[in-house]
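Build me a model:
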Amino acid sequence: MKREKRSPLRIILTVGALIVAYLIVSVPFKVMEIIPGFTDIRPVSMLQPVYGIFFGIPGSLAFAVGNLITDIISDSLRWSSIAGFIANFLGPFCFYLYWGKLSRTPFDLKTMKNILRHIVVIIIVALVEANIITPSVAISYPEVDFGLFFGMVMINSLAFPILLGIPLLIILQEELGLTPCLSNRNKRAENQ
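Numbering: from 1, shown residues only. Here you go, the predicted model:
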């Protein structure tokens, strides 16, 4: 089965639309700061698995750029935003990598086994993000409470993808028919 090739214009438009969706969800919550200028309540984290699973690398890039733009708009741009960009690219990319490349089964959350697998990926993503962003903040801004910052990154990266992200993924796939961005191997598994 030959993989559908997407035009560069279509990819650019997709990334642009995803950035706009990110900003619509993230900007209103920037006022709910836990550590002013550094961390806040982030329901936008629920979109990480959506961007990675359904849009792959372009979705991962859109998530990272959306986070950077949010930092700029909210006057939260810091040296640690570089680590934030990297972590916010890797978050959705981990979902793409697991469900699109590593998993032997196609993505769906119809079984408890797949939901538990997905939660494990969420935990891994939360740890990756916290371990990239927190040291960067601690080195650049020693006055920031390291433990509180790490805890907030973990809470945001766990709570929203589990509580809001899982139902959103199910709705997008089952009710709206959005097709995951899968590798050829998973497409073959679906056809068997």
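
residues contacting residue 60?
Remark: with contacts taken as C-beta atoms under 8 Å, 6 or more residues apart in numbering, residue 60 is in contact with 51-52, 89-93, 96. C-beta: built from backbone N, CA, C; applies to glycine.

quick one: residue 57 and residue 95 touch, right?
No: the criterion here is C-beta atoms under 8 Å, and residue 57 misses it with residue 95 at 11.6 Å.

circling back: among the contacts of residue 60, which ones are buried?
51-52, 89-93, 96 (16 or more other C-beta atoms under 10 Å).

Please flag which of those sit within helices.
With DSSP state H as the criterion, helices contain 51-52, 89-93, 96 from among those.

how about the residues you listed in a markdown table, adding distance to residue 42?
Formatted as a markdown table, these follow (distance: C-beta to C-beta, whole Å):
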| residue | distance to residue 42 |
| --- | --- |
| 51 | 14 |
| 52 | 16 |
| 89 | 16 |
| 90 | 16 |
| 91 | 11 |
| 92 | 14 |
| 93 | 18 |
| 96 | 20 |
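
Which two among those are spaced furthest apart?
Farthest apart among these by C-beta to C-beta are 51 and 90. That separation is 11.9 Å.

Can you tell me which of the buried ones among the contacts of residue 60 is closest to residue 17?
For the buried ones among the contacts of residue 60, the nearest to residue 17 is residue 51 (11.2 Å; C-beta to C-beta).

For the closest one, which non-adjacent residue is spatially closest?
residue 59 (3.4 Å; C-beta to C-beta, 6 or more residues apart in numbering).

Work out for me the element the one you found sits within.
If you go by DSSP states H and E, residue 59 is part of helix 47-73.

average pLDDT for that helix?
Mean pLDDT, helix 47-73: 96.

Report the contact partners of the closest residue to residue 124 other than its chain neighbours.
For residue 124, ignoring the flanking residues on the chain, the nearest one in space by C-beta to C-beta, 6+ apart is residue 94 at 6.3 Å. Applying C-beta under 8 Å, 6+ apart to residue 94 gives the contacts 52, 121, 124-125, 128.

So residue 94 versus residue 41, what's the distance?
22 Å (C-beta to C-beta, to the nearest Å).

The helix ranked longest in the chain - contacts with which helices or strands?
Counting residues, the longest helix found in the chain (DSSP H) is helix 112-140. With contacts defined as 3 or more C-beta pairs under 8 Å, 6 or more residues apart in numbering; DSSP states H and E, helix 112-140 has these neighbours: helix 47-73, helix 81-96, helix 146-160, helix 166-170.

again, 6 Å this time
Judged by 3 or more C-beta pairs under 6 Å, 6 or more residues apart in numbering; DSSP states H and E, helix 112-140 is in contact with helix 81-96, helix 146-160.

among those helices, which is nearest residue 178?
helix 81-96 (14.0 Å).

which one of the contacts of residue 60 is nearest residue 168?
Closest to residue 168, out of all of the contacts of residue 60 and judged by C-beta to C-beta, is residue 51, at 11.2 Å.
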